[in-house]
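Peer 1: sequence? don't have it. structure:
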């Protein structure tokens with residue numbers, strides 16, 4: 001039996017960073033992504049977001065890969081939200097996303113960062129967060 005424990009912090013945005021996620025819509029989207037992932041044996045440790053983006057801390061199994069997981073989560077959630085007819089526009093995600101591995105010693109820090117997105121973005125825009133992410137992870 002193989003034992004694998006790989007954590008990945010992913011971030012993806014709405015198309016053109018449009019702020020679709022009012023409180024009610026964001027919560028519905030997050031709950032749906034979480035439930036859909038669980039039904040497909042994708043383990044989401046922590047998920048949250050803000051007006052135009054989602055953060056997700058995933059644990060990857062031996063038979064999974066990052067691109068497949070993110071594609072499945074983004075594609076299915078986009079399809080689902082459009083079927084709900086709760087927004088006035090056709091919803092889609094930006095094609096790009098971030099994904100970085102997280103060491104065991106950083107898990108709790110990342111969990112708290114994801115949990116506190118609303119508080120975090122009272123002080124910092126997504127653009128600022130994006131630029132820091134690029135710099136910190138040397139993309």
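Peer 2: Done, it's in. Keep in mind the model is a prediction, meaning the values are calculated, not measured.

Peer 1: now the helices for this protein?
Peer 2: For the chain, applying DSSP state H gives helices covering 23-39, 66-84, 107-115, 117-120, 126-136.

Peer 1: could I get those helices in CSV, plus columns for distance to residue 95 and mean pLDDT?
Peer 2: Where you see a C-beta, it was placed from the backbone N, CA and C, and this is true even at glycine. Output for the helices of the chain, formatted as CSV (distance: least, CB to CB, whole Å; pLDDT from 0 to 100):
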stretch, distance to residue 95, mean pLDDT
helix 23-39, 17, 94
helix 66-84, 9, 96
helix 107-115, 22, 96
helix 117-120, 22, 88
helix 126-136, 15, 86
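
Peer 1: with mean neighbour count and distance to residue 45 as extra columns, can I get those in CSV?
Peer 2: Listed next are the helices of the chain as CSV, based on neighbours: other CB atoms under 10 Å; distance: least, CB to CB, whole Å:
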stretch, mean neighbour count, distance to residue 45
helix 23-39, 15, 10
helix 66-84, 16, 13
helix 107-115, 15, 7
helix 117-120, 14, 15
helix 126-136, 13, 19
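
Peer 1: including distance to residue 101, could those go into CSV?
Peer 2: Rendered in CSV, the data for the helices of the chain read as follows (distance: least, CB to CB, whole Å):
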stretch, distance to residue 101
helix 23-39, 19
helix 66-84, 9
helix 107-115, 11
helix 117-120, 21
helix 126-136, 13
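
Peer 1: tell me which of those lies nearest to residue 5.
Peer 2: Minimum separation from residue 5 across the helices of the chain (CB to CB) falls at helix 107-115, 10.1 Å.

Peer 1: in stretch 8-18, what's buried?
Peer 2: 8, 9, 10, 11, 12, 13, 14 (16 or more other CB atoms under 10 Å).
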